[in-house]
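>>> quick check, what structure comes out for this input:
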Amino acid sequence: MSRRRRRERVIITGINGNLGRRLARRLHRSCSVIGIDRRPARDLPKDVEFHQLDLRRRKTENIFRTARADAVVHLHIMHDPRATQEEAHGLNISATTKVLEFCAHYNIPKVVLLSSADVYGPVPHNNQFLDEQSPLLGASDFGDIRSLIELDMLASTFFWRYPSIETVILRPVHILGGVSNAASNYLRMKRPWTLMGFDPMVQVIHVEDVVAALALALKPGVKGIYNIVGPGEVPLSAIMKELGRHTLSIPVPLAKAALKLFWRFKLASFPAPELDHIRYICMVDGSRAKAELGFAPEFALQETIRAVEDYWR
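Residues are numbered from 1 along each chain as shown. The predicted structure follows:
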C-alpha cells in the first residue's frame with residue numbers, strides 16, 4: 001500500500017485582508033494553510049491554522065521554523081496614503097525583510113509577493129504597454145507608492161541573491177471588487193472628478209482573478225516578475241458610463257489645488273498625486289503571465305467594472 005502524499009503547506013501573511021481570505025478559501029482544500037496577521041481572524045475556513053502576530057515579533061520566526069512550509073505568500077502590506085514614511089517603512093519594509101530572511105534561513109522553496117502595476121507610474125511619456133523590464137517611475141511625489149517600489153525592489157534583490165528559491169512578484173493592474181483601494185473607492189463616488197481634456201485608457205482586474213493569479217504563482221518552476229492584467233483596456237469615460245456615474249469635469253490646476261486642501265482637512269480619501277491616474281496612461285503587457293503562468297482572466301470586462309458595487313453587498 002502506497003504512503004499518502006504529504007499536503008503542501010502554505011503560509012499566508014496578511015491572511016485577514018480581502019485577498020488573503022479569498023486565497024485561503026481557494027487553497028485550504030488542497031493545501032495546509034497557515035495564516036499570520038496582526039488583525040483577529042475573520043471568515044477563515046475552520047481548517048486554517050491562524051496566528052495573530054506582528055510579523056516583526058520574535059514569535060513569528062517560530063512559525064517559520066516549525067511549519068516546514070513549501071511556500072509563503074506575502075500579502076501583509078499596508079496601503080495607507082495617510083501613513084507617515086516611518087509607519088510605511090516599519091510595516092512594509094521591515095516586515096517584508098523579516099519574512100524574506102525567514103524564508104532564506106529555513107529554506108522555504110517558494111515565495112510569492114504581491115506588488116502593483118502602479119509602481120510603473122502614470123507619466124506623460126509612457127509607452128502604450130509596459131513590460132516587466134520597464135523602469136519604476138511611480139514614486140515621484142507619492143510616498144505610498146515610494147514604499148511599494150522599495151518593497152518591490154527588495155523582493156527583486158532577494159530573487160537574484162537566492163536563485164534556488166522560486167521568488168515570484170506579481171504586479172496586477174487596478175483591482176476592482178469587494179475591496180477598499182484607491183481605484184474602487186474612486187469609482188464608488190457619486191460624482192467622481194475627471195480632469196478636463198483627459199480621458200485615459202485604463203486597465204482593471206477582478207479581485208478573484210488576482211487570487212487566481214496568486215494560486216497559479218505557486219506552481220513548481222514558476223519564478224520572476226509578472227504583470228497581471230484583466231480582460232482588456234477601456235477609456236475612463238466608458239467605465240463611468242457603465243456604472244451610471246455623472247462625473248464632474250475640473251481643470252487640472254483647480255483639481256490639484258482643491259484636492260490638496262481637502263486632503264489637508266481630511267475631506268478626501270486620496271491625495272493630489274493620485275490625479276495622475278485619471279490623467280495619463282499606465283498600461284502594462286500581461287503576455288508573460290499568460291505564457292508562463294497560464295493566466296487568463298475569468299471575469300469579463302463588464303463584470304469586472306460592476307464588481308466595485310460588491311463592496312456594499
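>>> show me where the stretch 1-150 of the chain has its helices.
Ranges of helices within the stretch 1-150 of the chain are 18-27, 58-67, 85-88, 95-105, 143-161, based on DSSP state H, counting those that start in this stretch.
>>> take these and write them to CSV, including mean pLDDT, distance to Glu309 and mean neighbour count.
C-beta coordinates here come from the backbone N, C-alpha and C atoms, glycine included. Output for these, formatted as CSV (pLDDT from 0 to 100; distance: least, Cβ to Cβ, whole Å; neighbours: other Cβ atoms under 10 Å):
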stretch, mean pLDDT, distance to Glu309, mean neighbour count
helix 18-27, 96, 15, 22
helix 58-67, 95, 37, 15
helix 85-88, 64, 30, 14
helix 95-105, 95, 32, 19
helix 143-161, 88, 25, 19
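>>> where does the prediction get shaky in the stretch 201-313 of the chain?
For the stretch 201-313 of the chain, the stretches flagged by pLDDT under 70 are 311-313.
>>> try it again at 80.
The stretch 201-313 of the chain contains residues with pLDDT under 80 at 269-270, 310-313.
>>> over to the stretch 1-150 of the chain?
Within the stretch 1-150 of the chain, the ranges that satisfy pLDDT under 80 run 1-6, 77-91, 139-145.
>>> quick one: the strands in it?
Under the criterion DSSP state E, counting those that start in this stretch, strands of the stretch 1-150 of the chain are mapped to 9-13, 32-37, 49-52, 71-74, 110-114.
>>> nearest to Gln302, of those strands?
strand 110-114 (25.3 Å; Cβ to Cβ).
>>> who does that closest one touch, helix- and strand-wise?
Strand 110-114 is packed against strand 71-74, helix 95-105, helix 143-161, strand 166-172, helix 207-216, with contacts defined by 3 or more Cβ pairs under 8 Å, 6 or more residues apart in numbering; DSSP states H and E.
>>> got the end-to-end distance for stretch 107-120?
One end of stretch 107-120 sits 31 Å from the other (Cα to Cα, to the nearest Å).
>>> what of stretch 222-230?
Terminal-residue distance, stretch 222-230 (Cα to Cα): 20 Å.
>>> can you add mean neighbour count and distance to Arg188 and give the strands of the stretch 1-150 of the chain back as TSV?
Output for the strands of the stretch 1-150 of the chain, formatted as TSV (neighbours: other Cβ atoms under 10 Å; distance: least, Cβ to Cβ, whole Å):
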stretch	mean neighbour count	distance to Arg188
strand 9-13	25	27
strand 32-37	24	25
strand 49-52	15	30
strand 71-74	25	28
strand 110-114	26	22
